[in-house]
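J.: when you get a sec, could you give me coordinates for this:
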Amino acid sequence: MLSPARIRPLRPPAQADEPRGAGRRAGRRAHRWWLALLAGALLATVVASLAIGAGDVPLGRVLPGVLSPDDESRAELIVHELRLPRTLLGIVVGMALGLAGAVMQALTRNPLAEPGLLGVNGGAALAVVIVIGAFQVDDPLVYVWAAFAGAAGAAAVVYMIGARGRGGASPARLVLAGAAVNAVFSALTAGLMLLSPHSFNGFRFWQVGSLGGREISVFVRILPFVVAGIVLALLLARPLNALAMGDDAGRALGSRPGRTRALGALAIVVLCGAATASAGPIAFLGLAVPFIVRTLVGPDLRLVLPYSLLLAPVLLLGADIIGRIITPGELETGIVTAFLGAPLFAVMVRRGRTRDL
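T.: Residues are numbered from 1 along each chain as shown. Here you go, the predicted structure:
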């Protein structure tokens, strides 16, 4: 006979399930807190971007400078004419690059992938050099359309090469085709610059990657493309989650791998093409942002994509602010992101803070 001390009362099912349900609720609360924290960080960075620069603007002048600047107030004119277009462009470019990087890494199932692997940056750069050298164009708005067309054309070539043969456009084939196409386009770009000094002079500022010197019309022209790319990428969260388990498992869950890859590539082209066209090729952001987000929330793309959407503009605007104040002149944003991003990425890889996609 069992002694009373060894008899354990049965817990009702509701109590048995309570730790698991409590854990899920705690996880959802943590995700909401992270989301609120990133939204607050984005708002603070936007205000700092409008106020900080070569000539600091008092916080009391920022809002009037955005809404209705006084022609006699130099501080408000600086905010409205120079910093507001720069900040708006930084927001949409950051969102585009962060989201494009997350989709790219999910599409290739490679946590070290970045949008340039599809040849987007190489195609955009080649198109800009051709427009400058062949047509002697110096209009930044023309660069936007040329770079966007070059990015789309490069991605189409990569997809056609990767889709040939058995198995279709597998992640490994897309990466290899993108690397090859990007190398060819980079070589052509370098050759054209050597043949035309005018092309080099007009291209070098764009190539570094910068948010400065752009008018509000550049932001207006790329905004519809970025919005369309964001919507498409967010709609692909569930299909990409299913695709991460393999093509067969994805089909069993109702996903269509071929269509998902095609739509994912389209989202990358639209987002990264618009960002590169307007601000030049900015390194590291599309690589590091999804990497950092996955350390916070795991590999679920329903969380990775919106978190990347908020974190990327915070980092890009922060780099832009640092570039304004770190030197007596101004250091371009693309240089700052490279200097800050490369050591951070090396530290994260060394510590092994990665999660499988």
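J.: every contact and neighbour count from this point should use C-alpha atoms.
T.: OK.
J.: need the next SSE after the lowest-mean-pLDDT helix or strand in the chain, C-terminal direction.
T.: Least confident helix or strand of the chain, by mean pLDDT, DSSP states H and E, is helix 13-16 with a mean of 46. Downstream of helix 13-16, the first helix or strand assigned by DSSP states H and E is helix 18-51.
J.: now do the buried residues in stretch 36-45.
T.: 38-39, 41-42, 45 (16 or more other C-alpha atoms under 10 Å).
J.: tell me where the model's unsure across the stretch 101-250 of the chain.
T.: Along the stretch 101-250 of the chain, the model assigns pLDDT under 70 to residues 117, 140, 165, 167-171, 197-202, 205, 247-250.
J.: what about Phe219, which helix or strand?
T.: With DSSP H and E as the test, Phe219 turns up in helix 216-235.
J.: for that helix, name the packing helices and strands.
T.: helix 84-108, helix 140-163, helix 257-279, helix 301-325 (3 or more C-alpha pairs under 8 Å, 6 or more residues apart in numbering; DSSP states H and E).
J.: residues contacting it, please?
T.: Here helix 216-235 makes contact (C-alpha atoms under 8 Å, 6 or more residues apart in numbering) with 85-86, 88-89, 92, 96, 99, 103, 141, 144, 263-264, 267-268, 270-271, 274-275, 278, 302, 305-306.
J.: 7 Å instead, please
T.: 85, 88-89, 92, 96, 141, 264, 267, 270-271, 274, 278, 305 (C-alpha atoms under 7 Å, 6 or more residues apart in numbering).
J.: for the helix or strand just after it, buried residues please.
T.: Using DSSP H and E, the next helix or strand after helix 216-235 towards the C-terminus is helix 237-243. For helix 237-243, a neighbour-count test (16+ other C-alpha under 10 Å) marks 237, 239-243 as buried.
J.: and the direction of the helix holding Phe219 versus that of helix 257-279, what angle?
T.: 160 degrees (axes from the mean of the first three to the mean of the last three C-alpha atoms, to 10 degrees).
J.: in helix 216-235, what counts as buried?
T.: Neighbour-count burial for helix 216-235 [16+ other C-alpha under 10 Å]: 216, 218-219, 222-223, 225-227, 229-230, 232-234.
J.: likewise stretch 137-152?
T.: 137, 140-152.
J.: same deal with stretch 114-124?
T.: Buried-residue list, stretch 114-124, by 16+ other C-alpha under 10 Å: 114-124.
J.: likewise for stretch 256-267?
T.: So for stretch 256-267, counting by 16+ other C-alpha under 10 Å, buried means 256-257, 260-261, 263-267.
J.: with stretch 179-193 instead?
T.: Buried, per 16+ other C-alpha under 10 Å, within stretch 179-193: 179-182, 185-186, 188-189, 192-193.
J.: Val289 contacts Gly98, doesn't it?
T.: Yes - Val289 is within contact range of Gly98, at 5.8 Å (criterion: C-alpha atoms under 7 Å).
J.: more neighbours, those two?
T.: Ranked by neighbour count (other C-alpha atoms under 10 Å), Val289 and Gly98 place Gly98 first, with 34 against 26.
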